[in-house]
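K.L.:
Show me how the following folds:
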Amino acid sequence: METDFRDAAERHWEDARYLVADARLANADQLFGLTAECALKSIMLGLGMKMHPKNPNRPEDPYAVHINKLWDQFVTFAHNRDGMHYSRSMVVDNPFVDWDVNQRYSNRGKISKETVDKHRDGAELVRGVLEGAILDGVVV
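P.N.:
Residues are numbered from 1 along each chain as shown. Below is the predicted model:
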């Protein structure tokens, strides 16, 4: 299986929006986090992020993390690789600081609409950054 962060970001975004429309907030929230994570990894790959030599489907450390940690790492990564303009809009409080991939095991009632909205907004911001990287030819 070949990793395609760009396509995965779009697929997760589309599915998350369907789930929100069906009031299935817990899974939508997970997918908004994965949307943002895949979008950022797509940009990072375009900026020179290396994939793990033994597992080409995952980034090398320290970038093999989820969005709650990747958000802040992306800002530093982009600054160090002439991609500052991609991270400029992300120098805000990490909207995913409270997101955790392990929430997929939580009771669905533990995810509030406000939390989902915050994560959707964060994913939408990152999708805009990805669009810029696509237009610039950094992401193909």
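K.L.:
Just give me the neighbour total for residue 105.
P.N.:
Using other CB atoms under 10 Å, residue 105 is surrounded by 7 other residues. From N, CA and C alone the C-beta is placed, and that goes for glycine too.
K.L.:
Over to the one 5 residues further on?
P.N.:
Counted with other CB under 10 Å, the neighbours of residue 110 add up to 11.
K.L.:
Surely it is in contact with residue 25?
P.N.:
No - here residue 110 does not reach residue 25: they are 9.9 Å apart, not a contact under CB atoms under 8 Å.
K.L.:
ok, and for the worst-scoring helix or strand of the chain on mean pLDDT, which residues are buried?
P.N.:
Every helix and strand in the chain was compared by mean pLDDT, DSSP states H and E; the lowest is helix 84-87, with a mean of 92. By neighbour count with 16 or more other CB atoms under 10 Å, helix 84-87 contains the buried residues 86-87.
K.L.:
elements contacting that helix?
P.N.:
When contacts are defined as 3 or more CB pairs under 8 Å, 6 or more residues apart in numbering; DSSP states H and E, helix 84-87 sits against helix 67-79, helix 113-135.
K.L.:
Repeat the analysis, applying 10 Å as the threshold.
P.N.:
The contact analysis (3 or more CB pairs under 10 Å, 6 or more residues apart in numbering; DSSP states H and E) places helix 84-87 against helix 25-46, helix 67-79, helix 113-135.
K.L.:
residues contacting residue 89?
P.N.:
125-126, 128-129, 132 (CB atoms under 10 Å, 6 or more residues apart in numbering).
K.L.:
scratch that, residue 82 is what I was asking about
P.N.:
47-48.
K.L.:
how much space between it and residue 21?
P.N.:
Applying CB to CB, to the nearest Å, the value for residue 82 to residue 21 is 39 Å.
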